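Q: Here's my sequence, what's the structure:
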Amino acid sequence: MELAGLVQVGLWGGNAGSPWDMEKSSVRLVKITIYASNVINSFSFHYQVDGKLHTAGPWGNASGTLHEITFREGEYLTAMSGTHGPYASSIADCIRSLKFATNLKTLGPYGDQTQGTPFTVPVSSGRIVGFFGRSGDLLDAIGLYLRPNWWTREGWAMKGSPWEMKESSVRLESITIYYNSNVINSSFQYQVDTSWGRLIRFQSFTISLEILIVHLSSPRQVTYLYGSINTHHIPSSFHILITHHSLITATRFNRDMELAGLVQVGLWGGNAGSPWDMEKSSVRLVKITIYASNVINSFSFQYHVDGKLHTAGPWGNASGTLHEITFREGEYLTAMSGTHGPYASSIADCIRSLKFATNHKTLGPYGDQTQGTPFTIPVSSGRIVGFFGRSGDLLDAIGLYLRPN
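A: The predicted structure is shown next:
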C-alpha cells in the first residue's frame with residue numbers, strides 16, 4: 001500500500017547485485033545523483049511525499065564523475081533511456097549509460113552510451129516519479145515508477161495533462177477559461193519578477209488552475225509557461241493571451257478527461273502514417289487482433305469500460321497471417337516487446353514484430369523478430385490496458401496505456 005497508485009516498469013539490465021527500492025509513493029522527484037565512468041557506478045534520488053523530502057540510496061560506489069540533477073518546482077521527468085550490457089570480464093550485464101528528459105530539457109548522457117543494448121521509455125502522458133533496481137559495486141539494473149496525471153488535493157479532482165509554451169514574454173496579460181461557451185474567469189494580470197519562477201493559483205467553484213512561470217534566460221524574460229487545468233467539469237476551451245505574442249489555445253482537455261488515471265508510454269517505431277488512439281479509459285483488455293508477415297500489417301483491440309465492450313481499430317491492412325489473442329477473465333498483459341526498423345525500400349521505420357506476456361503466459365512473436373531494433377516494456381506492478389500508435393498501410397508505431405493496480 002505504500003506504493004499504491006503507481007505503475008512499476010522494468011527492469012533493464014542484469015540480475016547481479018541486490019534489489020533496492022523506494023519506500024513511499026512518490027509525488028515528485030526533487031534530485032538525482034549519479035557517479036559515472038564507463039558505467040553507472042552509483043545512483044540515488046530524493047523525492048517528495050506529502051511535502052516531506054525522502055532519500056533513496058545511494059546504491060553502488062561513489063567513483064567516477066559526480067552528476068547532480070535538481071528539478072525545479074513544476075519540472076518533471078518525461079523519459080529515461082540508456083544502454084545496458086557486459087563490462088570488463090566479470091560483469092555479464094549492468095547499466096552502461098543513462099539519459100533523461102524533463103518537460104523543460106534533456107539531461108545526459110551519463111556513462112558510455114556507445115556500449116551495450118539501448119533501451120528507451122518515453123512517457124507521453126504521466127510522469128516518472130521514482131526508481132527501483134539492483135546494485136552491488138555498480139548499478140546492475142534500473143526500473144521506473146510512473147504516476148498518472150490524476151491526483152486529489154484539497155478536494156479538487158486534479159485531472160488533465162500539462163500544456164506548454166516556449167515564447168519570450170515580459171508580462172502575462174490575461175487568462176480566459178470557457179465552460180460550455182461561458183467565460184468563467186478573464187480578470188488576471190501578473191508582472192513577472194526577477195526570481196527563477198512564481199507559482200500562480202486560481203480557484204473558483206468549478207475550476208482549479210495552476211500556472212508556473214519560469215525564468216530560464218535573462219532577468220525579466222519568461223521563456224517557459226506551463227501548467228494544468230483541473231476541474232470537476234470539462235471546459236470546452238482554454239486560452240492564454242501573452243503580451244506581444246499571438247493567442248495560444250489548448251483544447252486537449254476533453255480527451256484527457258476521457259483517459260484520466262492512465263499512464264501513456266511510447267511511441268516506438270516511425271513517424272509515417274496517421275495517429276490513432278482509443279477513446280475511453282480502459283479497465284481491461286479483452287482481445288488483440290494482429291495481421292503479420294515480415295512486418296505487423298494490421299492491429300486492433302477490444303477493451304472493457306464500465307462493463308461495456310469497446311473496439312479500437314483496425315489500423316493498417318488485413319494481409320498476412322491472422323492472430324487473435326483473447327484474454328480470460330483475470331488475465332492481463334504484463335509486458336510488450338518487439339522490434340522496429342526499415343522495411344523494403346520506401347519505409348524508413350515501422351513495427352517489424354511484437355511479442356506479449358500476461359500473468360499466465362507468453363504470446364508471439366508475431367512478425368519478423370530478427371529484423372530491426374529491439375524494445376521491451378516489462379510492467380512489474382500495474383497492467384497494460386490499451387494502445388495508441390501510428391499507421392498507414394502498415395503499423396508504423398505503437399505505444400501503451402498502463403493502469404496502476
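
Q: What are the boundaries of the helices in the stretch 51-200 of the chain?
A: Counting by DSSP state H, counting those that start in this stretch, the stretch 51-200 of the chain has no helices at all.

Q: And the stretch 301-405 of the chain, by the same measure?
A: Under DSSP H, counting those that start in this stretch, the stretch 301-405 of the chain gives no helices.

Q: shaky segments in it?
A: The model of the stretch 301-405 of the chain has no residue with pLDDT under 70.

Q: switch to 80 and redo it
A: 306, 405 (pLDDT under 80).

Q: Tell me where the stretch 301-405 of the chain has strands.
A: Taking DSSP state E, counting those that start in this stretch as the criterion, the stretch 301-405 of the chain carries its strands at 308-316, 321-326, 333-343, 347-358, 362-367, 373-381, 383-391, 395-403.

Q: TSV please, covering those and showing distance to residue 16 and mean neighbour count.
A: Using the backbone N, CA and C atoms, a C-beta is placed for each residue, glycine as well. Formatted as TSV, the strands of the stretch 301-405 of the chain follow (distance: least, CB to CB, whole Å; neighbours: other CB atoms under 10 Å):
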stretch	distance to residue 16	mean neighbour count
strand 308-316	41	17
strand 321-326	34	12
strand 333-343	21	21
strand 347-358	23	22
strand 362-367	24	20
strand 373-381	18	18
strand 383-391	28	24
strand 395-403	27	25
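
Q: The nearest residue to residue 385 once chain neighbours are set aside: neighbouring residues, count only.
A: Take residue 385 and drop its neighbours on the chain: the residue closest to it by CB to CB, 6 or more residues apart in numbering is residue 282, 4.1 Å away. Close neighbours of residue 282, defined as other CB atoms under 10 Å, add up to 24.

Q: separation between residue 282 and residue 311?
A: 12 Å (CB to CB, to the nearest Å).

Q: about what we covered before: how about the residue nearest to residue 385, secondary structure?
A: coil (DSSP: H, G, I helix; E, B strand; the rest coil).

Q: so it touches residue 384, yeah?
A: No. Counting by CB atoms under 8 Å, residue 282 does not reach residue 384; the two are 9.4 Å apart.

Q: For residue 51, give me the backbone phi and psi.
A: Dihedral pair for residue 51: phi 80, psi 0, per degrees, to the nearest 10.

Q: contacting residues for it?
A: The contact partners of residue 51, by CB atoms under 8 Å, 6 or more residues apart in numbering, come to none.

Q: How much space separates the closest residue to residue 378 other than its chain neighbours from residue 120?
A: Nearest in space to residue 378, with sequence neighbours left out and distances taken as CB to CB, 6+ apart, is residue 335 at 4.4 Å. Distance check for residue 335 against residue 120: by CB to CB, it reads 16 Å.

Q: The residue most central in space within the chain pairs with what?
A: Centroid-nearest residue in the chain: residue 123, 1.3 Å away (criterion: CA atoms, centre = their mean). Note on residue 123: beta-bridge partners by DSSP bridges are residue 265.

Q: so it makes contact with residue 147?
A: No. Between residue 123 and residue 147 there is no contact under CB under 8 Å: 9.6 Å.

Q: shared neighbours, these two?
A: Joint contacts of residue 123 and residue 147 (CB under 8 Å, 6+ apart) are residue 263.

Q: give me every residue that touches residue 31.
A: Counted by CB under 8 Å, 6+ apart, residue 31 has contacts 45-46, 68-71.

Q: now it, which residues is it bridged with?
A: Assessed by DSSP bridges, residue 31 has beta-bridge partners residue 46, residue 70.

Q: likewise the one 4 residues further on?
A: The partner list for residue 35 in beta bridges (DSSP bridges) reads residue 42, residue 66.

Q: how near is it to residue 284?
A: Going from residue 35 to residue 284 by CB to CB gives 43 Å.

Q: Over to residue 402?
A: Look at residue 402 and residue 284: by CB to CB, they are 13 Å apart.

Q: Which neighbours do the two have in common?
A: By CB under 8 Å, 6+ apart, the residues touching both residue 402 and residue 284 are residue 385.
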